[in-house]
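Participant: Build me a model from this:
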Amino acid sequence: MHLDQTVKDLLTKASLYGLLAERYKYVDPEKHIHFYQMHFNCVMQLEQHYMNPHGHSAHQMPGQLPMY
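Facilitator: Predicted structure coming up:
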């Protein structure tokens, strides 16, 4: 599977922020929330990239099954 650089960068950031969020979960709630929000934003960008890679909605892409 070939991943473009944007996807690689977002995956790296999402993973890092997810790990940092877990690290601070019980130690520093403010840092936990901060890193979790950053993680969440990266995940949302990844989802948007996959659901709308060429300016089409997910329902317009041939061969795509709806996600539940």
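
Participant: going forward, measure contacts between C-alpha atoms and count neighbours the same way
Facilitator: OK.

Participant: most distant residue from the middle of this structure?
Facilitator: Distance from the C-alpha centroid of the chain, by C-alpha atoms, centre = their mean, peaks at Val27 (24.3 Å).

Participant: Where does the prediction get shaky in this structure?
Facilitator: For the chain, applying pLDDT under 70 flags the ranges 1, 53-68.

Participant: most centrally placed residue in it?
Facilitator: Note: the chain centre (C-alpha atoms, centre = their mean) maps to Val43, 1.3 Å.

Participant: For that one, give me its contacts.
Facilitator: Residues counted as contacts of Val43 (C-alpha atoms under 8 Å, 6 or more residues apart in numbering) are 10-11, 14.

Participant: so which strand or helix has the residue farthest from the centre of the chain?
Facilitator: Per DSSP states H and E, Val27 falls between elements, in no helix or strand.

Participant: Could you pull out the helices in the chain for me?
Facilitator: For the chain, the helices defined by DSSP state H occupy 5-23, 29-51.

Participant: orientation of the longest one relative to helix 5-23 in degrees?
Facilitator: Translated: helix 29-51. Going by axes from the mean of the first three to the mean of the last three C-alpha atoms, to 10 degrees, helix 29-51 is angled at 150 degrees with respect to helix 5-23.

Participant: if we can go back for a sec, format the contacts of Val43 as JSON lines; extra columns: distance to Glu22 and neighbour count.
Facilitator: Output for the contacts of Val43, formatted as JSON lines (distance: C-alpha to C-alpha, whole Å; neighbours: other C-alpha atoms under 10 Å):
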{"residue": "Leu10", "distance to Glu22": "18", "neighbour count": "18"}
{"residue": "Leu11", "distance to Glu22": "16", "neighbour count": "17"}
{"residue": "Ala14", "distance to Glu22": "12", "neighbour count": "23"}
